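In: sequence unknown, structure follows:
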């Protein structure tokens, strides 16, 4: 009798775990079948002979909000952009972490960044912003670890014409350099990517 009870309890546990698994899978598929409010995008530029530099990100919209002061509907996020006098990293996009990938070593504003794929983060302030290249790549900014920062550079932020959907791009492409920029609302955040001439 005891063996029968153990078998029934074991079977019930298996059925429960499978139902949780199926439910989680169904939720994932529903999420995947619905377009993101902030759609994904990729932009790339060859620098030097064959070094493809790629930024992968999601594009939030301004949507009539003050993106620098309003809070997100998600309480874990807090302000849409942490520009509230308490400087801390922002994922510089929406949804998953924005990533920056370079196939060869480059210089960012004159500072060396080894080849690799990094989370691209920014610390917005009222003066200079800090651009961070971090080895930890995860969802959003919730698991940011400062000890995984590979490089931090200061950049001057510029005023620009209104940009409804956040966008990254490359300006001033030359043989061994280009200017990366983020534009959103009325802000442009540029930094230089360069390589040694060969």
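Out: Perfect, I can see it now. As the structure is a prediction and not an experimental result, all values here were calculated from the model.
In: which residues does residue 60 contact?
Out: 37-38, 67, 80, 93-94, 165-166, 184 (C-beta atoms under 8 Å, 6 or more residues apart in numbering). Where you see a C-beta, it was placed from the backbone N, CA and C, and this is true even at glycine.
In: What residues does residue 114 make contact with?
Out: Per C-beta under 8 Å, 6+ apart, neighbours of residue 114: 105, 150.
In: ugh, wrong one, I meant residue 128
Out: Residues in contact with residue 128, defined by C-beta under 8 Å, 6+ apart, are 154-157.
In: Let's have those in CSV, adding distance to residue 173.
Out: Output for those, formatted as CSV (distance: C-beta to C-beta, whole Å):
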residue, distance to residue 173
154, 23
155, 19
156, 21
157, 22
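In: May I have the phi/psi pair for residue 146?
Out: phi -60, psi -30 (degrees, to the nearest 10).
In: cool, and the one 4 residues further on?
Out: When quoted as degrees, to the nearest 10, the phi and psi of residue 150 stand at phi -100, psi -30.
In: repeat for the one 10 residues further on
Out: Recorded main-chain torsions at residue 160 are phi -150, psi 170, according to degrees, to the nearest 10.
In: what number of residues lie near it?
Out: 15 (other C-beta atoms under 10 Å).
In: Among the contacts of residue 60, which has the minimum pLDDT value?
Out: Lowest in pLDDT among the contacts of residue 60 is residue 80, which has 61.
In: for the protein, what's the longest strand?
Out: Longest strand in the chain by number of residues, with DSSP state E as the criterion: strand 177-194.
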